[in-house]
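Asker: Curious how this folds, go ahead:
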Amino acid sequence: MKRWLMRIPIALGVTIVLLLVYGAAVEPRFVLDEERWRVALPKLGEEWAGTDIAVMSDLQIGMWWSNEGMVEKAVGEIVEDEPDAVLLGGDFLYSKEPDVSTQVDRVVKLLDPLVAADIPTYAVLGNHDYVVGAADELTTALEDAGIRVLRNTALPVSSPTADADPLYVVGIGPQTPHVPDVSGRADVDAALADVPDDAPRVVLTHDPTTFDELPAGTAPLTLAGHTHCGQIALPGTPRWSYLALTDEEKIVADGWAPAQYGAEGNRMFVTCGIGFSTVPLRINAPPQVAFFELVPKEGGR
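Answerer: Residues are numbered from 1 along each chain as shown. A predicted model of the protein is given here:
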């Protein structure tokens with residue numbers, strides 16, 4: 001009996017080591033989760049039926065032992081899928097080391113296949129992009145490369161036909177209340193100001209916390225990142241909050257928000273992103289690219 005008891009901590013130690021090896025070298029490097037959903041979007045015209053949108057977030061370039069290989073894989077999968085538009089959910093950078101300019105150049109190079117494939121690509125910035133002081137330089141570099149950066153503003157997507165009513169992408173800045181460089185960067189009113197009330201729209205925001213501020217019916221499809229789906233999401237642990245967030249930032253951590261969350265008529269999907277925060281581990285929260293096929297909602301016009 002004593003011999004068996006002595007084996008328990010050894011077995012536990014081996015299990016932990018294997019889990020860490022898996023979380024550092026297997027799941028984040030080789031496992032890419034591709035989520036696919038069909039969404040009935042209110043006010044969407046028939047001309048837009050079957051429009052495909054790909055979403056990717058949280059590259060976190062500059063994180064130690066960052067995940068650039070998976071970024072390349074994810075971008076390659078998107079290009080191969082040939083969506084009608086790509087939405088990038090922010091946190092392109094993670095730290096100031098190496099220097100910001102080097103990291104910005106690396107981000108642009110990693111995303112270049114999207115531009116080369118002539119896929120309309122839109123982006124919002126994340127909290128880390130502001131914290132490392134890269135927001136303006138990153139915006140300029142992405143815009144020069146052909147990626148539209150939405151900083152609390154909206155743009156129409158290229159219409160499939162000349163007479164089609166426009167579909168808007170609404171981009172909202174990040175907000176992290178306890179981080180001075182990020183607090184107040186989200187302006188919902190400004191982002192929605194130029195979107196006609198009767199226009200279909202997809203809302204892109206880095207932080208899921210923003211979703212609760214969107215007025216009823218203004219965000220029938222909201223796409224967010226930021227949480228990394230917990231990054232280390234062990235079975236039995238809460239899925240409602242991300243470990244690095246404070247108590248006042250209780251949010252949906254992954255997938256579709258519960259029906260009762262947010263204002264009436266609004267829906268949100270939170271993607272797991274690609275990179276890391278704090279530690280280069282992903283366990284039960286693999287890197288993710290999400291694809292959404294938009295179709296008109298019956299009776300929605």
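
Asker: For this protein, which segments count as strands?
Answerer: 33-41, 51-56, 85-88, 121-123, 148-149, 153-156, 168-172, 201-205, 222-224, 255-256, 268-270, 288-296 (DSSP state E).

Asker: Return the most buried member of these.
Answerer: Mean neighbours per residue, mean count of other CB atoms under 10 Å, is largest over the strands of the chain for strand 201-205, with a mean of 28. Using the backbone N, CA and C atoms, a C-beta is placed for each residue, glycine as well.

Asker: List the buried residues of stretch 184-192.
Answerer: Of all the residues in stretch 184-192, those buried under the rule 16 or more other CB atoms under 10 Å are Arg185, Ala186, Asp187, Val188, Ala191, Leu192.

Asker: May I have the predicted confidence score for Pro177?
Answerer: Here the pLDDT value assigned to Pro177 is 64.

Asker: Over to Ala11?
Answerer: 65.

Asker: what do you get for Ser183?
Answerer: For Ser183, pLDDT reads 69.

Asker: Would you reformat the strands of the chain as JSON lines and include distance to Leu142 and mean pLDDT?
Answerer: Below are the strands of the chain laid out as JSON lines (distance: least, CB to CB, whole Å; pLDDT from 0 to 100):
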{"stretch": "strand 33-41", "distance to Leu142": "24", "mean pLDDT": "96"}
{"stretch": "strand 51-56", "distance to Leu142": "14", "mean pLDDT": "97"}
{"stretch": "strand 85-88", "distance to Leu142": "8", "mean pLDDT": "98"}
{"stretch": "strand 121-123", "distance to Leu142": "6", "mean pLDDT": "98"}
{"stretch": "strand 148-149", "distance to Leu142": "5", "mean pLDDT": "98"}
{"stretch": "strand 153-156", "distance to Leu142": "14", "mean pLDDT": "96"}
{"stretch": "strand 168-172", "distance to Leu142": "12", "mean pLDDT": "97"}
{"stretch": "strand 201-205", "distance to Leu142": "14", "mean pLDDT": "97"}
{"stretch": "strand 222-224", "distance to Leu142": "18", "mean pLDDT": "97"}
{"stretch": "strand 255-256", "distance to Leu142": "27", "mean pLDDT": "91"}
{"stretch": "strand 268-270", "distance to Leu142": "22", "mean pLDDT": "95"}
{"stretch": "strand 288-296", "distance to Leu142": "19", "mean pLDDT": "97"}
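
Asker: re earlier: among the buried residues of stretch 184-192, which are located in helices?
Answerer: If you go by DSSP state H, the buried residues of stretch 184-192 have Val188, Ala191, Leu192 in helices.

Asker: The closest residue to the first one other than its chain neighbours: neighbouring residues, count only.
Answerer: With CB to CB, 6 or more residues apart in numbering as the criterion, Val188 has its nearest non-adjacent residue at 5.0 Å, and that residue is Glu213. Counted with other CB atoms under 10 Å, the neighbours of Glu213 add up to 16.

Asker: Closest one to Ser57 out of the ones in helices among the buried residues of stretch 184-192, please.
Answerer: Ser57 has its nearest neighbour among these in Ala191, at 17.3 Å by CB to CB.

Asker: which regions of the stretch 1-150 of the chain sit below the pLDDT cut-off?
Answerer: For the stretch 1-150 of the chain, the stretches with pLDDT under 70 are 1-8, 10-11.

Asker: now swap in the stretch 201-301 of the chain and tell me
Answerer: Ranges of the stretch 201-301 of the chain meeting pLDDT under 70: 235-252, 299-301.

Asker: if you set the cut-off to 50 instead, what comes out?
Answerer: Within the stretch 201-301 of the chain, the set of residues satisfying pLDDT under 50 comprises 239-248, 299-301.

Asker: which residue ranges form the helices in it?
Answerer: Secondary structure of the stretch 201-301 of the chain (DSSP state H, counting those that start in this stretch): no helices located.
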